[in-house]
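Asker: here's a sequence, model it:
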Amino acid sequence: MNSRSVLSQILRRYHQPTPTSSPRRLIDLFSPVRGFSSLPRVRPAVRPSSTAASPLHGQHYGTTARRSSVLRWYHDPRKVAAATAITLSATAMAACSRYDREIVPCTNRSHRVVYSHQEERELGDADFAVDKARFVILDPSDPRSIRACLVTERIVHAAHRGLGLYDSHDAPMLRVTRKWGAASAPQPHTSHLRALNWEVFVAENGTPDVVIAPGGKILVSTGFLDHFSDEELAAALAHEVGHVIARHTADISGWFPVFLERIISRRMEIEADYIGILLLGAAGFHPQWALAELAKREKFARFSVLEKLLSYHPKTEKRLQLLSQAKTMKEALELYREVTAMDKVTDRYFPYHVKV
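Answerer: Predicted structure coming up:
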């Protein structure tokens, strides 16, 4: 059969009506033709289930239907968060075990410190020198410098007596805050206060501010002295000395991520408020002055909403609420009444004594 006859046969079959309306494949047309009957049938390609479509369709490559129905643990956000928290906790515990554990006076909180007493003082003095160099410092004989020194002496004396540095059997601040049945508990850490060299500097600065270094150096601005009374100055100094008593500068939280450090720093401010109001009462100032100083300082604050949100200090409303709690005020008033009663006895029987 020549090529012309083959072509005519194909055309005749193509024009014949078919019983089904579906289109016929070209290979079916050639199947009766001699020479094409032995051709193997080729099945149309079917996309395997293990191969997904383009990422434009929102699917993933190399994912079978069975695998897609089974989620691994790292596909669950809650399990990932839990695993991350466990890992961070284990890492933090391993890191904390390398450093000393101390008990904060008055609050009896246990914390880890990363610096020795000397290292803490050296770092604090270096930072304080930078802050001090920014301002003009008044002469020690200036009346404002003398005023700041006299108030500071009362606060420091109350801290030494209240924490038992003069006499371990006479520690009123530790007595009123000691928990019931805690006689065998670890003793609060106060030895770092013995080696401090307390110094007061008054800086020419219109912004009300009080800054303290771990080594005992204190910087008071003239703006604070111009707008605040001696009682309010004592409250601010007692708060700052509370930071030194608790060794907040040496706390391990300074090595934490920023978001964790900010949370812990706010708790430290609350802790310093608590120690400060006790110290204020032990120095012979009424505890209400701590609340008055906080409320008054808020009026001088010039912070935006974002700055308040990112601040390392808690909200003033919360601090005032915590200081006004009955338990806190009861302890502070007990110290205040005790020292004022002692002053009355001393003034009566020793009228020529020099009051610190």
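
Asker: any weak-confidence spans in the stretch 251-356 of the chain?
Answerer: Across the stretch 251-356 of the chain, the ranges flagged by pLDDT under 70 are 303-307, 310, 344-356.

Asker: go on, the chain?
Answerer: Ranges of the chain meeting pLDDT under 70: 1-75, 88-98, 179-185, 303-307, 310, 344-356.

Asker: try it again with 90
Answerer: For the chain, the stretches flagged by pLDDT under 90 are 1-100, 167-170, 177-187, 195, 252-263, 298-313, 341-356.

Asker: which residues in it form helices?
Answerer: Ranges of helices in the chain, per DSSP state H, are 3-15, 26-30, 65-68, 77-96, 117-132, 143-162, 172-177, 222-227, 230-246, 258-282, 288-300, 305-309, 316-323, 326-349.

Asker: other SSEs contacting the fifth one?
Answerer: Yep, that's helix 117-132 we're talking about. strand 217-221 (3 or more Cβ pairs under 8 Å, 6 or more residues apart in numbering; DSSP states H and E). Placement of C-beta: from N, CA and C, glycine included.

Asker: excluding covalently adjacent residues, which one is nearest to P214?
Answerer: G124 (3.6 Å; Cβ to Cβ, 6 or more residues apart in numbering).

Asker: wait, what's in contact with the closest residue to L163 other than its chain neighbours?
Answerer: Closest residue to L163 apart from its sequence neighbours, by Cβ to Cβ, 6+ apart: T190 at 4.8 Å. T190 is in contact with P105, L163, G164, L165, I245, counting by Cβ atoms under 8 Å, 6 or more residues apart in numbering.

Asker: and the gap between the fourth one and R267?
Answerer: The reference is to L165. 26 Å (Cβ to Cβ, to the nearest Å).

Asker: between the two, which one's more packed in?
Answerer: Set side by side, L165 and R267 show more neighbours around L165, with 16 against 13, by other Cβ atoms under 10 Å.

Asker: and the more buried one, how far is that from I212?
Answerer: From L165 to I212 the distance is 18 Å (Cβ to Cβ).

Asker: and for A81?
Answerer: 39 Å.

Asker: okay, those two: which has more neighbours?
Answerer: The neighbour comparison of A81 against I212 (other Cβ under 10 Å) goes to I212, with 24 against 10.

Asker: isn't the more buried one right next to H243, touching?
Answerer: Yes: counting by Cβ atoms under 8 Å, I212 does reach H243; the two are 6.6 Å apart.

Asker: about what we covered before: hey, which of the helices of the chain is tucked in deepest?
Answerer: helix 230-246 (a mean of 24; mean count of other Cβ atoms under 10 Å).

Asker: angle of that one against helix 316-323?
Answerer: Per axes from the mean of the first three to the mean of the last three Cα atoms, to 10 degrees, the angle that helix 230-246 makes with helix 316-323 is 80 degrees.

Asker: tilt between helix 230-246 and strand 217-221?
Answerer: 150 degrees.

Asker: tell me which other helices or strands helix 230-246 touches.
Answerer: helix 143-162, strand 210-212, strand 217-221, helix 222-227, helix 258-282, helix 288-300.

Asker: got the contact list for I137?
Answerer: With contact taken as Cβ under 8 Å, 6+ apart, I137 is in contact with F201, V202, A203, E204.

Asker: which one of those residues is nearest to E271?
Answerer: Relative to E271, the closest of those is F201; by Cβ to Cβ it sits at 25.7 Å.
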